[in-house]
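Peer 1: Okay, sequence plus prediction incoming.
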Amino acid sequence: MLALFFILWIVLNGRVTLELILLGIPIAAAVFLFAHFAFGYSAGSEFKILRYAPLAIWYGLNLVIEIIKASLNVIAVILNPGKKPDPVLIEFDSGLPSSFQNVVLANSITLTPGTVTVEMEGDHFLVHCLIPEYAEGIEESSFVKLLRRIKV
């Protein structure tokens, strides 16, 4: 994390000089210490983040793919005069143990066109879907399967 703070310092300054490097090292260290004391950040949490980085990248790619697919489906509903929106509200339990996983799932559902998370309480979700087909299999979606692999 210290290295990331230093890299951020260099990027935000837009140039690399000896003066910026010598000034950036103590500033990055001070920000790192602030994160440690104010937010309880530790090296153990850094290893946990690094351990799940490939899964997070895969989740992000999966989210982008699902957004594109859902966008095309919503466009088809809008442009097809014979297919009218038939909104439904569905309830389901995700079975995810942590609030972090459930919040990520709720946001992923809302980011996907045609669905909106209306309410989340624990692992219980209320989701608005533009058409009933969008509700099929939502409790076992690729989002849920990937989030189950994270042990928070």
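Peer 2: In hand now; what should we look at? Residues are numbered from 1 along each chain as shown.
Peer 1: Mind splitting this protein into its structural domains?
Peer 2: Domain ranges of the chain: 2-39, 43-148, per automatic domain parsing.
Peer 1: Tell me which of those domains sits most buried.
Peer 2: Mean neighbour count (mean count of other Cβ atoms under 10 Å) peaks for domain 43-148 among the domains of the chain, with a mean of 15. The C-beta positions use only the backbone N, C-alpha and C, and glycine is treated the same way.
Peer 1: which stretches of the protein have low pLDDT?
Peer 2: For the chain, the stretches flagged by pLDDT under 70 are 152.
Peer 1: Let me know the next secondary structure element after the longest helix belonging to the chain.
Peer 2: Ranked by number of residues, the top helix in the chain under DSSP state H is helix 43-79. Next helix or strand after helix 43-79 toward the C-terminus (DSSP states H and E): strand 88-93.
Peer 1: now what about that following strand, what contacts it?
Peer 2: Here strand 88-93 makes contact (Cβ atoms under 8 Å, 6 or more residues apart in numbering) with 118, 123-129, 131-132, 135, 138-139.
Peer 1: With respect to residue 22, which of those is nearest?
Peer 2: Of all the contacts of strand 88-93, residue 22 sits closest to residue 123, with 49.9 Å by Cβ to Cβ.
Peer 1: And that closest one, how close does it get to residue 100?
Peer 2: Relative to residue 100, residue 123 is positioned 12 Å away (Cβ to Cβ, to the nearest Å).
Peer 1: got the contact list for the spatially closest residue to residue 95 that is not a sequence neighbour?
Peer 2: Distance criterion Cβ to Cβ, 6 or more residues apart in numbering; nearest residue to residue 95, sequence neighbours excluded, is residue 123 at 6.1 Å. By Cβ under 8 Å, 6+ apart, the residues touching residue 123 are 93, 94, 95, 96, 97, 102.
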